[in-house]
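Engineer: Prediction below, plus the sequence it came from.
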Amino acid sequence: MGVSGVEERYNFHQIEEQARKRWAEGEIYRVPDFSERPKYYCLEMFPYPSGKLHMGHVRNYAIGDVVARFKTMRGYDVLHPMGWDAFGLPAENAAIKHGVPPAEWTWNNIAAMREQLKLLGVSYDWSREVATCHPGYYRWTQWLFLLFYKHGLAYKRKAPVNWCPSCATVLANEQVVAGECERCKTEVQRKELEQWFFKITDYADRLLQDLNKLPGWPDKVKMMQENWIGRSSGGEIEFPIVGREDQITVFTTRPDTLFGVTYMVLAPEHPLVPSLTSPERWPEVEQFIQRARSLSELDRTVGEAEKEGLLLGSYCLNPLTGEEVPIMIANYVLLEYGTGCVMGVPAHDQRDFEFARKYHLPIRVVIQPKGEALDSDTMAEAYPGEGYLVNSGSFNGLKKREAIPAINAYLNEQGLGRAKVAYRLRDWLISRQRYWGAPIPIVYCDHCGAVPVPDEDLPVLLPENVSFKPTGQSPLVEAPEFVHTKCPSCGGAARRETDTMDTFMCSSWYYFRYTSPRNENGPWDLDKVDRWMAVDQYIGGVEHAILHLMYSRFFTKVLFDLKLTKVEEPFTNLLTQGMVLKDGTKMSKSKGNVVSPEEILNRYGADTTRLFVLFAAPPERDLEWSDQGVEGCFRFLTRVWRLVTPLAGTVAKAPTVAPEGLVGVNREMRRLTHLTIKKVTEDVETRFNFNTAISAIMEMVNGMYHYSARVAEPDQEPAVRREAVENLIRLLAPFAPFMADELWGRTGHTGSVHKEAWPEYRPDLLVEDQATVVVQVNGKVRDRIVVSAQASDEAVKQMAMEQSRVQSLLEGKTVVKVVVVPKKLVNIVVK
RNA sequence: GCCGAAGUGGCGGAACUGGCAGACGCACUGGACUCAAAAUCCAGCGGGGUAACACCCGUGGGGGUUCGACUCCCCCCUUCGGCACCA
């Protein structure tokens, strides 16, 4: 690395513009559908086209791009596509506010964001771009809806649903966070509405079980899905109703406490309630039901809501004892879980305990813990733990663990119950009362009922010239030419479904579509999906841990069952990247701490911007924005520029193969080059620790500067220099693709560095001939010695003991033990 | 309440399998270059202590295992995230 002459400034504007042009003209990021090379599918969560890239996007796409570029250099065909999650409320709200039609607003935003992504230099195959709001895309979203419908996985029913008054639409359970709309934080209300659902509960167990097949997912995300699915195993038990032929079926996880039941309690909305209420109690009961209905989910479930209940005046029989048990309703029982009723076992369930104390219901102990005597009169709280059955007839003496299967088996024999699993997960509500979404392709006919739109009539197009004002009904209701149609079955007058689909439907299958983005004969080409799926690496924010990621898993399992894919899980490896923070908190307009990518790109260029977000923290951790940190990355790139550009000409002419048996600084320089290749390769490939990979490259650059400072130019081995420079450029390529490509050209290469092979290191060149060994006495570092790499443990030990520092510490003591770790340390233990 | 993750200099972070704590970067300090500044280059940079060494302390706190612990085990504290009347 020689003395530079006239320095040329690092003009990133020019470099990046020229590279963008070259890349576009050469179509270097286009990936073939099929080839001999192994495939790798690298995917980042596609964005909502808000019109502006934010730092979170920059981070997400920079991470994905490193993976994609690295894998390409490693010899894979990398599918790395981009698209737009383009339906949704903001477009409609913008339309209402500014009078621009949602379609126009959305397409303009897409154009703007596409340009920003191109500025960032992400290696997308733009020929595969998809937008969920394009009729050529949502045609297949509708097709998939009908596929689900035909297989009994889509159904319409009246149910209590979550209603967001601000968004003027219903929400899925997953979109309600702590009783609030996850989008706008408005408290959700409960409404009884007839809505479309997807039967995700049919897949609850597989969604749970198959989490085990995802070792490449973060435990955190798997845990969140596990919590959300909320599997509990127990049994269903029949309690005959006194004076009637029918019975109440109850779900419980504790069949072992069946002898401790002292009351039965139903959800207020339970269908049996009216017939179980005695006439004189009805007015009071009806009032109670009304009150429970009107309360929001939030009021009813969050916090220390007081438990309230009422006797209905009827009784059922404990199936094991024949004992009469009063039937009640209570606000703490949820209609949608289990069977909508609870057997009250106050001695062993805290909620039942509180309820029983309040209403003076009897408490009966049926589980006795070892070495303790529970007394129903004096106990201060329920005992839910382990113990032996008492007051339980022939089951007395069994352990809780043994009693559960024993009682289940007995009930099963008698036809009084059966083992059963319950889930917290509810079916996915997919109807939305808004305009900017894929219309649900169903027609209602007075004669034929709900009729699916025939496949050949898809897409059901969204009408234009519609008023978007949210009224609580879909704006499509106000579009007569849309609503009025013919029944596909009988040809008579009929009307269309006016609700649109949850946008999470559109995003549940887009990764399939990328494999065949323009296919018109089906949602995708099976051969292409088979080649590319599953996604090898998926990257995005953890906020989708449940919503998008669980829906996508559900879709994939349905598609697998219907033979439309051979994979059962869509995403083999998942990386959830951390947030970008400023001043310790999430960037937001209201806090005024937003850093605009546009501005940073303009001031420092894409390479610096990318480098900073990759260097400042490992990908899965939150990243604190630092203007000075960006400055530092810019400085580093400038340093690379000043190092390489003056050498470009001589590097191009130098021999490509370095001589063997080098000594001194030339040998050390080679060693550093190969050490860095090893470190960067391992950090990127096995750990995704881009921050440490970049610091290794920085150390290499520092080493190259030292090399040139310490070695007169004639003594530098040209081949060593060439090897260092070329590998530096290759290693830098995934992180700073523009500068790397520019320098690659300048050092005499004709093609793009992004078509180059990733460098390999030579293990034999990593070997050092000397090692610094730490000398400890009783575990404390007291000295260091330099030893030959070949020195025996015994020799190293001898040498360590001879050090004067060590000698003085050994004086008057006895050496108990000496531990030698080759090439690392000697620990002398003395007494 | 239940489940999970994380706590390391002034800051972002590193230490991968138990082996020199603080790589790399930022900030800061001193020096070189300059009329001067910026840029750049060189050096220093956990705390105490010393003229300089020595030495002592130090990875949220307390205990333990080990020749040796940021790393393993037990208890506790703090912060963040998920679930939360789910029978």
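Structural biologist: Yes, it's here.
Engineer: Now do the SS call for the residue nearest to residue A:830 when sequence neighbours are not counted.
Structural biologist: Leaving out its chain neighbours, the residue that sits closest to residue A:830 by C-beta to C-beta, 6 or more residues apart in numbering is residue A:813, at 4.0 Å. In this view, the C-beta of every residue, glycine as well, is placed from N, C-alpha and C. At residue A:813, secondary structure determined by DSSP: H, G, I helix; E, B strand; the rest coil is coil.
Engineer: count of neighbours near residue A:813?
Structural biologist: A count of nearby residues for residue A:813, using other C-beta atoms under 10 Å, gives 13.
Engineer: Just the pLDDT at it, thanks.
Structural biologist: Model confidence at residue A:813, given as pLDDT, is 83.
Engineer: Same check on residue A:565?
Structural biologist: Model confidence at residue A:565, expressed as pLDDT, equals 98.
Engineer: How about residue A:300?
Structural biologist: According to the predicted model, the pLDDT of residue A:300 comes to 55.
Engineer: residues contacting residue A:310?
Structural biologist: A:281, A:284-285, A:288, A:328-330 (C-beta atoms under 8 Å, 6 or more residues apart in numbering).
Engineer: tell me which element it is part of?
Structural biologist: In this structure, residue A:310 is located in strand A:309-317 according to DSSP states H and E.
Engineer: For RNA strand B, tell me whether that strand is touching it.
Structural biologist: No. Under the criterion of C-beta under 7 Å from any atom of the strand, strand A:309-317 makes no contact with RNA strand B; the nearest approach is 10.5 Å.
Engineer: avg pLDDT for that strand?
Structural biologist: The average of the pLDDT scores along strand A:309-317 is 93.
Engineer: chain center to it: distance?
Structural biologist: Taking C-alpha atoms, centre = their mean, to the nearest Å, the mean C-alpha location of strand A:309-317 is offset from the chain mean by 46 Å.
Engineer: How about the residues of the stretch 601-750 of chain A by RNA strand B?
Structural biologist: Applying C-beta under 7 Å from any atom of the strand, we find that the stretch 601-750 of chain A lies next to RNA strand B at A:615-618, A:621-624, A:626, A:628-629, A:631-633, A:635-636, A:638-639, A:679, A:682, A:689, A:691-692, A:694-695, A:698-699, A:702, A:705-706, A:709.
Engineer: Give me the distance from stretch A:162-173 to the chain's centre.
Structural biologist: Taking the mean C-alpha point of stretch A:162-173 and that of its whole chain, the gap between them comes to 23 Å (C-alpha atoms, centre = their mean).
Engineer: what's the answer for stretch A:48-58, then?
Structural biologist: Computed by C-alpha atoms, centre = their mean, the separation of stretch A:48-58 from the middle of its chain amounts to 18 Å.
Engineer: Pull it out as CSV, backbone CA atoms only.
Structural biologist: Included here for stretch A:48-58 are C-alpha records, laid out as CSV according to Å, rounded to 0.1, in the frame of the first residue of the first chain:
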residue,chain,number,x,y,z
TYR,A,48,-47.4,-1.2,3.7
PRO,A,49,-46.8,1.5,1.1
SER,A,50,-47.1,4.6,3.3
GLY,A,51,-45.1,6.5,0.7
LYS,A,52,-42.0,6.9,2.9
LEU,A,53,-39.3,4.5,4.0
HIS,A,54,-38.6,4.7,7.7
MET,A,55,-35.5,3.6,9.5
GLY,A,56,-37.1,0.3,10.6
HIS,A,57,-37.5,-0.5,6.9
VAL,A,58,-33.9,0.5,6.2
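Engineer: Any chance you could list what contacts that stretch?
Structural biologist: Stretch A:48-58 is contacted by residues A:47, A:84-86, A:88, A:90, A:106, A:108-110, A:112-113, A:116-117, A:120, A:131, A:541, A:579-580, A:587, A:594-598, A:609-610, A:613, A:625 when judged by C-beta under 8 Å, 6+ apart.
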